[in-house]
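Trainee: got a predicted model here, sequence first, then my questions.
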Amino acid sequence: MFANPVLAVLAALTVFLCPESIQAAEPKNFRDLIFASEPLKPIDSELKIKIGDVAPDFILPSIQGEKVQLSQFRGRKNVVLSFVPAAWTPVCSDQWPGYVFARHLFEAQEAIILGITVDNIPTLYAWTRQMGEVWFPILSDFWPHGDVADTYGVLRNDGTTERALVIIDKQGVIRNIKVEDINVRPPLDFIVTSLIRINKKKGGTE
């Protein structure tokens, strides 16, 4: 196209450096980045925990750059473990932002969420930055791959996790469990109702 190689280089640089061309190449918004998969088998694992068990302890790295241990919340916070299958997928990308908007409901019940996936830290970091800031720790169960999910019995045969919620009281005891259809966002009221019930029992009103 260009007889002069210098002109060819300049033309390439003009395209590369032109803000308009860069903007045109970028995705329009977060939704453009989401991988839309076909519906999956609703549940593909068998629980290894039950209500009344002491929740198995674990330590996992977070996207905030620190390691988080479940037992560090013992005596301080009720804990909601939110296992989600994978970053950059539609339902997961709706579920956690919903918890961001409902922060006051968790704080009113003295609860913290621990978001867990088997994705690695760089993937989770990029995903949550695009999705929007979250107020709760996002943890990577990447290596040993799915070790925590497997301990809880929510590791699927394809190496992802179930869409599961585990509600744990301040004593570290599991008070409720929900393994949702992986294709469906679990209802927020399941979490809130479970936490309210825990706090009522603590106060001796139930």
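Mentor: Received the coordinates, thanks.

Trainee: after the host helix or strand of residue 174 comes which helix or strand?
Mentor: Assessed by DSSP states H and E, residue 174 sits inside strand 174-180. Downstream of strand 174-180, the first helix or strand assigned by DSSP H and E is helix 188-203.

Trainee: contacts for that following helix, please.
Mentor: Helix 188-203 has contacts (C-beta atoms under 8 Å, 6 or more residues apart in numbering) with 78, 80, 98-99, 102, 105-106, 109-111, 165, 167, 169-170, 175-176, 178, 206. Using the backbone N, CA and C atoms, a C-beta is placed for each residue, glycine as well.

Trainee: hmm, back to that, just how off-centre is the strand holding residue 174 within its chain?
Mentor: Distance of strand 174-180 from the chain centroid (C-alpha atoms, centre = their mean, to the nearest Å) equals 16 Å.

Trainee: for that strand, give the mean pLDDT please.
Mentor: Mean pLDDT, computed over strand 174-180, is 98.

Trainee: so what are the sheet partners of it and their directions?
Mentor: In the sheet containing strand 174-180, its partner strands are strand 163-168 (antiparallel), by DSSP bridges.

Trainee: pull the CA atoms of the strand it pairs with into PDB?
Mentor: Provided in PDB are the C-alpha atoms of strand 163-168 (Å, rounded to 0.1, in the frame of the first residue of the first chain):
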ATOM      1  CA  ARG A 163     -23.200 -21.500  43.300                       C
ATOM      2  CA  ALA A 164     -23.400 -22.100  47.000                       C
ATOM      3  CA  LEU A 165     -24.000 -20.100  50.200                       C
ATOM      4  CA  VAL A 166     -22.800 -21.300  53.700                       C
ATOM      5  CA  ILE A 167     -24.000 -19.300  56.700                       C
ATOM      6  CA  ILE A 168     -21.800 -19.500  59.700                       C
END
